[in-house]
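J.: Sequence and predicted structure are below.
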Amino acid sequence: MKKIKITFLFLLSVFIISCGFHLRGSQDLSAVLPEVQIQGTSQHSELGRELIRTLAAVKVNVVEESETLLKINQDHFSKRVLSLDSSGRANQYELIYQLNFSLMKKVKSESRMKVVDLIPAQNITEKREYLFDANLVLAKADEERHLNNDMRQAAMLQLVRRLMFSLKSKRKVSR
């Protein structure tokens, strides 16, 4: 019986290895976007720090002056009431985070600088719902702050995926 179990585990591990399963690993955007200048937000704001951290994770250098500009047109949190309790107080909210960005390149044309859109303005919207309890105001405020950070991080990952897809598809078309 023990030999059957060992044989089964060996065959199972061989099967898993042979199927080609592997972790995705980190992405590398530096081939299509080696450096970028951020415009529209301070590098010391929460959004700026998160953006720099996310871009560094995909090997993009954030510099003070570059030909390529990542412009943050809008960064906005909002909240709306989803449901009310029997006394008319809100007991469920929807948190909404909207990020609007564009990627531009400075091009010298006829002895003056011209800005060309690499990626026109795009919106990223993240939504989360949470229940509110008036007896746990501090805990719910902390939960809301965590959800806002989570939405910002999800938007940054989506921004990187959009940059990667758009720039790599433009690179394939231009070849």
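T.: Noted; the coordinates are in hand. Numbering: from 1, shown residues only.

J.: I'd like the next helix or strand past the lowest-mean-pLDDT helix or strand in the chain.
T.: Within the chain, no helix or strand scores below helix 2-18, which has a mean of 78 by mean pLDDT, DSSP states H and E. For helix 2-18, the following helix or strand on the C-terminal side (DSSP states H and E) is strand 35-39.

J.: so what pLDDT did Lys108 get?
T.: Looking at Lys108, its pLDDT stands at 82.

J.: May I ask you to confirm that it is in contact with Val115?
T.: No - if you go by C-beta atoms under 8 Å, Lys108 and Val115 don't touch, sitting 11.0 Å apart. C-beta: built from backbone N, CA, C; applies to glycine.

J.: Who has more neighbours out of those two?
T.: Legend: neighbour count by other C-beta atoms under 10 Å for Lys108 and Val115, higher for Val115 (12 against 9).

J.: got the contact list for the more buried one?
T.: Contacts for Val115 were tallied using C-beta atoms under 8 Å, 6 or more residues apart in numbering; they are Leu69, Met104, Lys105, Lys106, Val107.

J.: ok, so of the residues you listed, who is nearest Val63?
T.: Leu69 (10.8 Å; C-beta to C-beta).

J.: check which helix or strand covers the closest one.
T.: Element membership for Leu69, per DSSP H and E: strand 68-84.

J.: Need the CA coordinates for the following helix or strand past that strand. PDB is fine.
T.: For strand 68-84, the succeeding helix or strand toward the C-terminus, using DSSP H and E, is strand 90-109. This file holds the C-alpha atoms of strand 90-109, laid out as PDB (Å, rounded to 0.1, in the frame of the first residue of the first chain):
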ATOM      1  CA  ALA A  90     -27.100  54.900   5.600                       C
ATOM      2  CA  ASN A  91     -25.900  51.300   6.300                       C
ATOM      3  CA  GLN A  92     -24.200  50.400   3.000                       C
ATOM      4  CA  TYR A  93     -22.000  52.500   0.800                       C
ATOM      5  CA  GLU A  94     -20.300  52.200  -2.600                       C
ATOM      6  CA  LEU A  95     -16.800  53.700  -2.800                       C
ATOM      7  CA  ILE A  96     -15.700  54.800  -6.300                       C
ATOM      8  CA  TYR A  97     -12.200  55.700  -7.400                       C
ATOM      9  CA  GLN A  98     -11.700  57.300 -10.800                       C
ATOM     10  CA  LEU A  99      -8.300  57.800 -12.500                       C
ATOM     11  CA  ASN A 100      -7.900  59.500 -15.800                       C
ATOM     12  CA  PHE A 101      -4.500  59.300 -17.500                       C
ATOM     13  CA  SER A 102      -2.800  59.800 -20.800                       C
ATOM     14  CA  LEU A 103       0.700  59.100 -22.200                       C
ATOM     15  CA  MET A 104       2.400  61.700 -24.400                       C
ATOM     16  CA  LYS A 105       5.800  62.100 -26.100                       C
ATOM     17  CA  LYS A 106       7.700  65.300 -26.700                       C
ATOM     18  CA  VAL A 107       8.700  65.500 -30.400                       C
ATOM     19  CA  LYS A 108      10.900  68.200 -31.900                       C
ATOM     20  CA  SER A 109       9.300  69.500 -35.000                       C
END
